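**Student:** This is a predicted model, with the sequence first.
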Amino acid sequence: HIPNNYHHARALHIRNYVTSASVADSYDFIIAGGGLAGLVIASRLSEDPDTTVLVLEAGESGDDVPSFLNPPAGTYYDSLLGTSYDWAHKTVPQRNAGDRIMPWPRGKVLGGSSAINGMYFVRPSEVEVNAWKDMIASDDASSSEAWEWNNFLKSMKKSENFTPPRAEVEAMANIRYQADSIGAGGPMQVSYPGFMLPVVGNWLPSLEATGIASAPDPTGGKNYGGFVAALSINPTNWTRSYSKSAYIDPLPPRKNLDILVSSTVTKIIFDEKSDSASRVATGVEFSSTASGPRKVVNVKKEVIVTGGALGSPHILMHSGVGPKDVLDAAGVPLVSELPGLGQHLQDHMTALVVWDAKVETAGDIQQSGSEISKQAEFMSFVNSAIAYVNTSTLFAANAGEFQTNIRNALAESAETLVPSKSQEVVEGYKAIYSATEKLMPEGLGQIELLLSINSPGAIAIQAALQHAFSQGRVYINSTSIFDPIVVDPNYFSHFADLVTMREGLKLARRVGQASPMRDALGPETFPGPGVSSDAQIDDWLRGNAQTEFHPAATCAMLPRSQGGVVNAKLQVYGLANVRVADASVFPLSFSAHLASPTYGLAEQAADIIKTLYKTPSAPNDSSNNGDSDSDPNADNSSNSKNGGISLGSGIPSFSGAIWRTMICVVAFLVIF
Ligand SMILES: Cc1cc2nc3c(=O)[nH]c(=O)nc-3n(C[C@H](O)[C@H](O)[C@H](O)COP(=O)(O)OP(=O)(O)OC[C@H]3O[C@@H](n4cnc5c(N)ncnc54)[C@H](O)[C@@H]3O)c2cc1C
């Protein structure tokens, strides 16, 4: 699978990389974390040749991984999960979920989680984005406009280049899209797989038979309903499009952009003489190993923290920023107290129903070893037939009562369920809770349904909770950043989450029993007919639900009085020149997978910073063409060289190691 031009490609890529020995003494901007958001911001800021930018990434470049050269391989389940490209975090035992310790993968490689994710391209809804904007507008109405739906949509579209599906794929799967609500000419490629299976065509009619209408324009702000989602895929060669292949690999030489991999940011250094209410960062310390030498690089303008929902609070806490009780207990000297850092953690949880398959699945084709199974088009297949369903579909006549019960439980929940004693954090819990509760009557997904046909002989439908009322936290418990951050999502601490998932699971069953899907399905094998009463389903969910990989809000953009970490301009409260710009800042959950909004956030962050420093964009910079093959000067086949990852995650939630873990637990068949 190694393309002929691979070595040429590597020579081009390597031009941006520096070693710890060759790193400069100082840079205008230091970007801590070369993941999805970090690489977007690095690429955009370095468009100005006079602006110097350093990216520090804990993981490797990924350039030498043979599987990166393959197509995305939606049905190849030699996932990168569980490898050295995965942080392989784990939760603490979850009290309300069978005391289970759950795996939480995150990408540890250039591109971050965009390099290992399931490639689903899904937008949040307009009402959710505007709810986020409203939460910060009371603090700074004018800056909050960056997060208003129309403005945010523009920044999401800026990152995208859409290619419509092949006619036969479109017809077979009933794909519906509005090309003008997805971007054109941006770096990240958005399209559909090159291969489709007839059973996917059963999805929308079966949803309709269950009362779930199709979404005519799921990327335009109303994603409620059923659709076959687009993917972050390059249709010129069927490879993964991710932040490295889109924003970095195609760049022409840029002397002002340095990328240092295998280098963990150990802390941000602050000027101890600076105002304690506005600490000035002077540099960043990093090291390649826990016991290795520390090196410091100085910053002239800003440190931009882009370590993701776990990495960003980890970096800040080890820098002495965060809740005093946490830092005291860990033994890290306090530099700037910020009680909300690491708090407000919200995640999507998912569980699935499995049936025997009566029709051919992608897993069958893959297992057959046939000629088709070896074609790039087939390997590009990532099943993305989904639906977002609202409370009235889930709860019918009881929807209003369910919402009232949640509203009435606010005071007690705020008193008993917040994992912090800080009044600000409690206020933030209430603000997020109320905003989430008020959205319930909207045409908005409370449960996401996902079809999976990746297993030989089996078909599954997942039900994933989109708006958790349980809020958890992440925190440190040592002085070494090389010790993992402690992850406590506090799953199912709020009753509404279990009830909503229960109804979601029942709905998944109803869709499977509706025509024409039922013609493709044999008996239900998991959880099986023995799990049918509400109490049985609840018990089963406590024992089997897993993460859908969408943690957010650990550096929430909220007023400081509500335990916020960043303001509307993404600046960390109490620090003069440090921002956080990644998925950790969304203060509330979206009914969406998080890559698309994170690209939008990163584009918007780059614009905010450029406007502040009056940094121009380079005209006709090839980064605007991304990993499209249309730019002859750029590294325009970057994806065929190193963009594709042999990741088996058509259903992102249950691939690779996670799935294998589940198998051990439930002694079930290998599905994904
Ligand atoms: C398995 C999986 C499947 C997913 N599936 C989908 C999907 O199908 N569709 C979708 O839209 N979203 C999906 N997501 C979610 C999406 O990929 C993430 O929300 C998104 O990548 C978040 O971007 P980020 O920039 O916030 O963080 P990341 O992309 O995770 O980047 C953070 C980066 O910071 C680095 N870092 C952390 N700490 C340090 C440190 N101390 N020093 C230096 N570097 C550090 C990390 O190594 C990483 O490269 C999935 C995620 C996972 C894990």
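**Tutor:** Looks like it came in fine. Numbering: from 1, shown residues only.

**Student:** Not counting residues beside it along the chain, what's closest to whichever residue of the chain sits closest to the ligand?
**Tutor:** Going by CB to the nearest ligand atom, the ligand is nearest to residue 35 of the chain, at 1.7 Å. Glycine gets a C-beta too; all of them are placed from N, C-alpha and C. Excluding the flanking residues, the one nearest residue 35 by CB to CB, 6 or more residues apart in numbering is residue 112, at 2.1 Å.

**Student:** With residue 350 instead?
**Tutor:** residue 464 (3.7 Å).

**Student:** Name the SS class of that neighbour, please.
**Tutor:** Of the three states, residue 464 takes strand according to DSSP: H, G, I helix; E, B strand; the rest coil.

**Student:** Verify the stated contact: it with residue 504.
**Tutor:** Yes. Residue 464 is within contact range of residue 504, at 7.4 Å (criterion: CB atoms under 8 Å).

**Student:** coming back round to it: okay, now the residue of the chain closest to the ligand: neighbour count?
**Tutor:** Neighbour count of residue 35, defined by other CB atoms under 10 Å: 34.

**Student:** Surely residue 98 and residue 546 touch.
**Tutor:** No. At 11.6 Å, residue 98 does not count as touching residue 546 under the criterion of CB under 8 Å.

**Student:** before we move on, the earlier item: didn't the residue of the chain closest to the ligand look like it was pressed against residue 116?
**Tutor:** No. Counting by CB under 8 Å, residue 35 does not reach residue 116; the two are 10.3 Å apart.

**Student:** list residues touching both of the two?
**Tutor:** Residues touching both residue 35 and residue 116 (CB atoms under 8 Å, 6 or more residues apart in numbering): residue 107.

**Student:** Excluding chain neighbours, what is closest to residue 564?
**Tutor:** residue 558 (3.3 Å).

**Student:** number of nearby residues for the one you found?
**Tutor:** Number of residues near residue 558 (other CB under 10 Å) recorded here: 32.

**Student:** what do you get for residue 142?
**Tutor:** Neighbourhood size, residue 142 [other CB under 10 Å]: 8.

**Student:** Could you list the buried residues of stretch 504-521?
**Tutor:** 504-505, 507-512, 514, 517-518, 520-521 (16 or more other CB atoms under 10 Å).

**Student:** Correction: the previous question concerned stretch 348-364.
**Tutor:** Under the neighbour-count criterion of 16+ other CB under 10 Å, stretch 348-364 has 348-355, 357, 360-364 buried.

**Student:** Repeat that for stretch 136-144.
**Tutor:** Buried-residue list, stretch 136-144, by 16+ other CB under 10 Å: 136, 137, 139, 143, 144.

**Student:** just stretch 587-602 next, same as before
**Tutor:** Across stretch 587-602, burial judged by 16+ other CB under 10 Å covers 587-602.

**Student:** Can you give me the end-to-end span of that stretch?
**Tutor:** 15 Å (CA to CA, to the nearest Å).

**Student:** could you check whether that stretch is close to the ligand?
**Tutor:** Yes. Interface with the ligand: stretch 587-602 contributes 593, 594, 595, 596, 598 (CB under 6 Å from any ligand atom).
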